[in-house]
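> Give me the fold of what follows.
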Amino acid sequence: GVPGFFMNYHGDWEIAFYQKNNGYLCPVWSDEGLLIAFQIRLDVPYQKRKYVWLSSAKMEKGCSPGSPVSFSGVLNSPVIYVTEGVLKAEAAYQRTGHPYLGNPGVSAYKELELALNRLKAHGVKVVIEANDMDKCIRLHCDRAYSEACADCEGSSHECPKKREKRDHIRKGCLKLYEICEKLGLICKRAVWDTDDEGYWEENYKGIDDWELREL
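The predicted structure follows:
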């Protein structure tokens, strides 16, 4: 019943490390301070994925970790930041001291709502949405997507790939705003690395990049 561990054919306990999931472990902590899962930052992306879960689903006495939200920080703060990514949240917390929730995916809603509801009982009143700055990306075509660009007639027009990316992250942001409204929490938006028109200048994508920019 521990994610990542299973019983092998010899009846011995083993952990699900293989060549295709080589990388370093990113711990996922609950708001109670318990280690509940690991994400693996892959050394070599697999099927365009940089992160996978340490999982032993479908193995003897193994299980999946699900998609838990990770808490980085100290309880009883009235303000909590929410960003996409377990490692990103931990890096930003270590740099700033602000508590963070690391959502494993911008479209993961259920666990995020449960976590915010628990944190509300610990005094959280304000949620700062700090998802990646793709939410403010300009949509002009700059031929930046190689293979996709070859079949695109966009040229100097709007880039459909950028539109898809921006719409995806904005949908996740909107869902966070809805959750906060449902729970009676104030939700504010964090932006950084923007020009005079409010568009992302494409220097620092994640909140961790922004907070670590001077190191």
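
> contacts and neighbour counts: CA atoms only from here.
Fine.

> The residue lying closest to Cys159 once chain neighbours are set aside and Lys162: what is the separation?
Closest residue to Cys159 apart from its sequence neighbours, by CA to CA, 6 or more residues apart in numbering: Cys141 at 4.7 Å. As judged by CA to CA, to the nearest Å, Cys141 and Lys162 stand 8 Å apart.

> Which positions in the helix or strand encompassing Tyr93 come out as buried?
According to DSSP states H and E, Tyr93 maps onto helix 86-96. Neighbour-count burial for helix 86-96, counted by 16 or more other CA atoms under 10 Å, picks out Val86, Leu87, Lys88, Ala89, Glu90, Ala91, Ala92, Tyr93, Gln94.

> That helix - contacts with which helices or strands?
strand 23-29, strand 70-72, strand 100-103, helix 207-211 (3 or more CA pairs under 8 Å, 6 or more residues apart in numbering; DSSP states H and E).

> Minimum distance to Lys182: which of those has it?
Nearest to Lys182 among these is strand 100-103; the distance by CA to CA comes to 18.1 Å.

> Tell me which other helices or strands the helix or strand following the closest one touches.
Where DSSP H and E defines the elements, the next helix or strand beyond strand 100-103 is helix 110-120. When contacts are defined as 3+ CA pairs under 8 Å, 6+ apart, helix 110-120 packs onto no helix or strand at all.

> Under the pLDDT cut-off, which ranges of this protein? List them.
Residue ranges of the chain with pLDDT under 70: 143-156, 214-215.

> Strands of that one, residue ranges please.
Using DSSP state E, the strands of the chain run over residues 5-7, 13-15, 23-29, 35-46, 49-53, 70-72, 79-84, 100-103, 126-129, 186-189.

> Flag every buried residue along stretch 204-211.
Buried, per 16+ other CA under 10 Å, within stretch 204-211: Tyr204, Lys205, Gly206, Ile207, Asp208, Asp209, Glu211.

> Which members of the residues you listed are the farthest-apart pair?
Spatial extent of the buried residues of stretch 204-211 (CA to CA) is set by the pair Lys205 and Glu211 at 10.7 Å.

> Met59 is nearest to which of the strands of the chain?
The closest of those to Met59 is strand 5-7. By CA to CA, the value is 6.0 Å.

> List of residues touching stretch 105-124?
Stretch 105-124 has contacts (CA atoms under 8 Å, 6 or more residues apart in numbering) with 31, 67-69, 75-80, 84-85, 103, 131, 169, 171-173, 175-176, 179, 183, 185.

> Give me the buried subset of these.
31, 67-69, 75, 77, 79-80, 84-85, 103, 131, 169, 172-173, 175-176, 179, 185.

> nearest residue to Lys188 other than its sequence neighbours?
Counting by CA to CA, 6+ apart, Lys188 lies nearest to Ile128, which is 4.9 Å off, once chain neighbours are set aside.

> quick one, what contacts the closest residue to Asp132 other than its chain neighbours?
Computed as CA to CA, 6+ apart, the closest residue to Asp132 that is not its neighbour in sequence is Gly206, at 4.7 Å. By CA under 8 Å, 6+ apart, Gly206 lies in contact with Lys88, Asn131, Asp132, Met133.
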